[in-house]
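Q: Sequence and predicted structure below; questions after.
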Amino acid sequence: MIFPASYSTLCPSALAEFVAESYRLENVDCSLLVRGVGDTYLINSHQGRFILRLYRSSHRSFSNVQAEVGLLFTLKQAAVPVSYPIIDRHGEAIQTINAIEGQRCAVLFSYAPGQAERTLNERQLYIFGQQMARFHKVSAALTLTGDRWTFDNNTTLFDPLAKLKAAFENDQESYTWLQNAARRIASHLASIDTSKFTTGYCHFDFLPKNMHFVGDSITFFDFDFMGRGWLMYDIASFWQHMAIEVYAGRMTQQAFDNNYTIFLSGYQSHRAINEQELAAVPYLSLGFWLFYMGFHTTHDQFYSFIQPAQLKVYVAFLKHLETKFWF
């Protein structure tokens, strides 16, 4: 009897054989890059480089992956620069693999050339804004087959807080502050006219680590957390990234302001944003943080992120946002 497992790391050499057979690739070599919600493998072959993503069955169902694949195919067809799924020899984009813990979905993606840049230059900021806007124009008009979650006050504020309660067992003061902050921000958003906020599929993790540049060419990847909500959540994800850089002393406030202006200029060259949407961006950052903090409680890979010392760091940054940007 093989003892049951909740998670397994699949053998790279066996995956190399599987990929070679499924996609008719030659001289395939496979190596594990990252363990996570989905394990990421680098595929080298005679036909070129690819990325193989193995999704955890406990976190991503076939229907979840189906929606991600559908979005990426649509974006590719619209010439939005994304890493896209590769079709196998049977015309399928999603594989199912019988692992010890059960069936896991697998998708082979095109390789995103270049590298991530922690700090984008002016040209890269403008291009990033342009291409995010092009993605949003497509995603706002799209209805996908497959299940994805919705980003709203419940899923980004209150549901994550419920998941985090046990993690803050010995720091009730910080937990109470987060609860109050969530209620205040929800009340603030309810007090403004959000009827003109554009809704669509969001990447929800638009950080520099999830895009590669080669000169002025950009490629987006890692749409694993994509879901439906206000498109401004994507702008908020990048806004808060730069806010962290300022908070950590890696960027000046003047550079933050200049970079954000250039990024928005690129974005608005392809898609308009109304003033109320822009004004909401700093407030949406709390939902971004609570969403991922809540997710960390569900995933053993991120156990270290919900330890008391780390949680204090997160809360300190959020209190900084409150002082500098909220209300």
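A: Structure's in. What do you need? Numbers count the residues shown, from 1 in each chain.
Q: drop to CA atoms for contacts and neighbour counts, all remaining ones
A: Fine.
Q: residues near the nearest residue to residue 37 once chain neighbours are set aside, how many?
A: Once flanking residues are discounted, residue 37 sits nearest to residue 56: 5.9 Å by C-alpha to C-alpha, 6 or more residues apart in numbering. Using other C-alpha atoms under 10 Å, the number of residues around residue 56 comes to 21.
Q: Test my guess that residue 56 contacts residue 7.
A: Yes. In this structure, residue 56 is within contact of residue 7 by C-alpha atoms under 8 Å, at 7.5 Å.
Q: Contacts only, for the residue lying closest to residue 47 once chain neighbours are set aside.
A: Spatial nearest neighbour of residue 47, excluding adjacent residues (C-alpha to C-alpha, 6+ apart): residue 25 at 6.5 Å. Contacts for residue 25 (C-alpha atoms under 8 Å, 6 or more residues apart in numbering) come out as 19, 45, 46, 47.
Q: where exactly do the strands run in this protein?
A: Remark: strands assigned in the chain by DSSP state E are 29-34, 38-45, 48-55, 95-99, 102-110, 199-202, 211-214, 217-220, 227-230.
Q: what's the longest one in contact with?
A: Applying C-alpha under 8 Å, 6+ apart, the external contacts of strand 102-110 come out as 49-57, 61-62, 65, 83-86, 93-98.
Q: now swap in the first one and tell me
A: Around strand 29-34, the neighbours that count as contacts under C-alpha under 8 Å, 6+ apart are 12, 13, 15, 16, 39, 40, 41, 42, 43, 44, 45.
Q: same thing with stretch 42-55?
A: By C-alpha under 8 Å, 6+ apart, stretch 42-55 touches 16, 25-33, 37-41, 104-111.
Q: Now do that stretch, average pLDDT.
A: On average, the pLDDT along stretch 42-55 is 98.
Q: what's the spacing between it and its chain's center?
A: Chain-centre distance of stretch 42-55: 21 Å, with C-alpha atoms, centre = their mean, to the nearest Å.
Q: Could you pull out the buried residues of stretch 3-22?
A: Of the residues in stretch 3-22, 12, 15, 16, 17, 19, 20 count as buried by neighbour count, 16 or more other C-alpha atoms under 10 Å.
Q: Helices of the stretch 151-300 of the chain, start to end?
A: 153, 159-164, 172-191, 232-247, 253-268, 275-296 (DSSP state H, counting those that start in this stretch).
Q: So which of those helices is the most surrounded?
A: Mean neighbour count (mean count of other C-alpha atoms under 10 Å) peaks for helix 232-247 among the helices of the stretch 151-300 of the chain, with a mean of 21.
Q: What is the distance between that helix and the centre of its chain?
A: The answer for helix 232-247 is 13 Å, by C-alpha atoms, centre = their mean.
Q: ok so, going back, show me which of the contacts of strand 102-110 are buried.
A: Buried by 16+ other C-alpha under 10 Å: 49-57, 61-62, 65, 83-86, 93-95, out of these.
Q: distance of residue 261 from residue 278?
A: Here residue 261 is placed at a distance of 12 Å from residue 278 (C-alpha to C-alpha, to the nearest Å).
Q: Closest to the centroid, which residue in this structure?
A: With distances taken as C-alpha atoms, centre = their mean, residue 205 lies nearest the centre of the chain, 2.8 Å away.
Q: Quick check: phi and psi at that one.
A: phi -150, psi 40 (degrees, to the nearest 10).
Q: Now do the contacts for it.
A: 223, 225, 234, 237.
Q: what's the burial count for the residue lying closest to residue 80 once chain neighbours are set aside?
A: Nearest residue to residue 80, sequence neighbours excluded (C-alpha to C-alpha, 6+ apart): residue 135, at 6.2 Å. For residue 135, the neighbour count with other C-alpha under 10 Å is 25.
Q: How many neighbouring residues does residue 301 have?
A: 12.
Q: for the stretch 1-150 of the chain, what spans make up the helices?
A: Going by DSSP H, counting those that start in this stretch, the stretch 1-150 of the chain shows helices at 12-23, 62-77, 122-139.
Q: Between these, which one is closest to residue 162.
A: Among these, helix 62-77 comes nearest to residue 162, with 23.2 Å by C-alpha to C-alpha.
Q: and that closest one, which residues are buried?
A: 62, 64-75.
Q: CA atoms of it as PDB?
A: Output in PDB follows, covering the C-alpha atoms of helix 62-77 (Å, rounded to 0.1, in the frame of the first residue of the first chain):
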ATOM      1  CA  PHE A  62     -10.200  21.800 -13.700                       C
ATOM      2  CA  SER A  63     -12.900  24.500 -14.100                       C
ATOM      3  CA  ASN A  64     -10.600  27.100 -12.500                       C
ATOM      4  CA  VAL A  65      -7.800  26.200 -14.900                       C
ATOM      5  CA  GLN A  66     -10.200  26.200 -17.800                       C
ATOM      6  CA  ALA A  67     -11.200  29.800 -17.200                       C
ATOM      7  CA  GLU A  68      -7.500  30.800 -16.900                       C
ATOM      8  CA  VAL A  69      -6.700  29.100 -20.200                       C
ATOM      9  CA  GLY A  70      -9.800  30.700 -21.900                       C
ATOM     10  CA  LEU A  71      -8.700  34.200 -20.900                       C
ATOM     11  CA  LEU A  72      -5.100  33.600 -22.100                       C
ATOM     12  CA  PHE A  73      -6.200  32.300 -25.500                       C
ATOM     13  CA  THR A  74      -8.500  35.300 -25.900                       C
ATOM     14  CA  LEU A  75      -5.600  37.700 -24.900                       C
ATOM     15  CA  LYS A  76      -3.300  36.000 -27.400                       C
ATOM     16  CA  GLN A  77      -5.800  36.300 -30.200                       C
END
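Q: Done for today, thanks.
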